[in-house]
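K.L.:
Got a predicted structure plus its sequence, pasted below:
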Amino acid sequence: MKKIFKSPQFLFGIYFLLALVATVQSYFGSSTFNKIQYTAYNNYIIFKQSFFHLIENKDLYILYPTEHWDLYKYSPTFALLMAPLVIFPNVIGLFFWNAINAFVLFFGIKKIEDVNLQKQKLPSIAFEKFKKQTPVLFGIGGFVLIEMLTSIQNEQSNALIAGLIILAFAWLEKDKIWLGTLCIVLTVYIKIFGIVAFALFLVYPKKGKFILASVVWMLVLGLLPSLFVGMEQLQLQYESWWRMLSEDHAASHGYSVMGWLKTWFGLDVSKNVIVLLGVVLFCLPLVKFKNYTSYKFRWLLLASILLWVVIFNHKAESPTFIIAMSGVGIWYFFNEKNKLNLVLVILAFIFTSLSPTDLFPRFLRESLVKPYVLKAVPCILIWGKIIWEMWNVNKKVSFSKIKTFDLP
């Protein structure tokens, strides 16, 4: 019986069950916006209808209040890629959408665990022991469960984004450049901030092949809708997308560094200035070129990317944090264990994952958690520590110094 609970199949079953629960919960719910009743799975309807708007030559980036509330904010390519789901009834398509998000994240974590074990170069007996225990899979996979559920309860694509970025890293570590760059390009055409993951390009050899593969995938996926709507119409869609993103940038601070600085310190600094500062800090460790050969430096960069795209996103909301918490999980479960890291990861679990749930009384959520963007603060602190660790990375850390945990 213990072997069952320790198996990857058991965790996969939990992810499957959560996708099913989230689907049922959304399908039988409803929401009201501007006194109009919509489905509780409004985001899925936005994605589904975007396909029909695309092939009917309608502007993807305007409101369609008779169908759903809120704007479609993804690329024309993403609208086309929804095609396999739109043929199903909503309840089935919704489940497949939630399952895709959950399973891509699961397999991303599983893949990175396999890479991590291979990089440790353990003796065969120790390798088999740790492979059977799957400490990283259960550690990260269990750690992000609440955030993953939050994301798919809102029919968001964030778990998919996190999974694709992690898969990109795993493929690049295995020198599978075409697969790795495909994953990164897919994130860009889902949410444009996925472009930050191209920073992985810097720490791997064969940069010419990396650039070639990236350009090919960008062109193929970017122009794919033209096969159905023509180049002229596709150009209009991209122009409308850019216009919508430009206007969208002006609103809100979200659960981000911008929101933290404003609510804690009263600093209403330009978002562009803060993002520029974030870029500088993000790139600072990358000037140490000799560290690129360090596996630890590379997975720290992955964790930094996953956190950066959330905490420097002025539109970051609660379902977005599955991306950031995936970065926190990689940072903690791959890292050396010490008291400071333990305190930080506990703070992240409490204030990032648990604070929006009913485990926190409503009055605390409304008077403390939301106004002071406490969901973001532990992630900001951890990202700062990751930058420090990348700057001071020790390439000679041995496996004996990396403590893991035994599963029961």
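P.N.:
Thanks, I have the structure now.
K.L.:
which other residues reach the helix or strand where V273 lies?
P.N.:
Element membership for V273, per DSSP states H and E: helix 271-283. Residues outside helix 271-283 that contact it (Cβ atoms under 8 Å, 6 or more residues apart in numbering) are A199, H249, H253, V257, M258, L261, S304, W308, I311, F312, H314, I387. (Each C-beta comes from the backbone N, C-alpha and C, glycine too.)
K.L.:
Repeat the analysis, applying 6 Å as the threshold.
P.N.:
The contact list for helix 271-283 (Cβ atoms under 6 Å, 6 or more residues apart in numbering) reads V257, M258, W308, F312, H314, I387.
K.L.:
Next, T32: secondary structure please.
P.N.:
Secondary structure, DSSP: H, G, I helix; E, B strand; the rest coil: T32 is strand.
K.L.:
Name the nearest residue to it, ignoring sequence neighbours.
P.N.:
Excluding the flanking residues, the one nearest T32 by Cβ to Cβ, 6 or more residues apart in numbering is Y38, at 7.2 Å.
K.L.:
Out of the contacts of helix 271-283, name the ones that lie in strands.
P.N.:
Secondary structure from DSSP state E places none of those in strands.
K.L.:
For those, give me CSV that also has distance to P8.
P.N.:
Converted to CSV, the contacts of helix 271-283 look like this (distance: Cβ to Cβ, whole Å):
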residue, distance to P8
V257, 36
M258, 39
W308, 29
F312, 33
H314, 37
I387, 32
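K.L.:
Identify the bridge partners of the residue nearest to T32.
P.N.:
Counting by DSSP bridges, Y38 is bridged to S31.
K.L.:
list the helices and strands the longest helix seen in the chain packs on?
P.N.:
In the chain, assigned by DSSP state H, the helix with the most residues is helix 90-120. If you count contacts as 3 or more Cβ pairs under 6 Å, 6 or more residues apart in numbering; DSSP states H and E, helix 90-120 packs onto helix 8-27, helix 83-86, helix 135-143, helix 158-173.
K.L.:
Let me know the average pLDDT across the first one.
P.N.:
So that's helix 8-27. Helix 8-27 carries an average pLDDT of 94.
K.L.:
what's the answer for the last one, then?
P.N.:
Within the predicted structure, the mean pLDDT of helix 158-173 is 97.
K.L.:
which secondary structure elements does the helix or strand following that helix contact?
P.N.:
Once helix 158-173 ends, the next helix or strand along the chain (criterion: DSSP H and E) is helix 177-190. Contacts defined by 3+ Cβ pairs under 6 Å, 6+ apart place helix 177-190 against helix 76-81, helix 158-173, helix 207-223.
K.L.:
winner for burial among these?
P.N.:
helix 158-173 (a mean of 27; mean count of other Cβ atoms under 10 Å).
K.L.:
related to what we said a few turns ago, which one, of the helices and strands packed on helix 177-190, ends up nearest to F47?
P.N.:
Closest to F47 of the helices and strands packed on helix 177-190 is helix 76-81 (Cβ to Cβ; 7.6 Å).
K.L.:
could I get that closest one in CSV with only the CA atoms?
P.N.:
Extracted in CSV, the C-alpha atoms of helix 76-81 (Å, rounded to 0.1, in the frame of the first residue of the first chain):
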residue,chain,number,x,y,z
PRO,A,76,-4.5,34.7,-32.7
THR,A,77,-2.4,31.5,-32.7
PHE,A,78,-3.8,30.5,-29.3
ALA,A,79,-7.3,31.1,-30.6
LEU,A,80,-6.6,28.6,-33.5
LEU,A,81,-5.1,26.1,-31.1
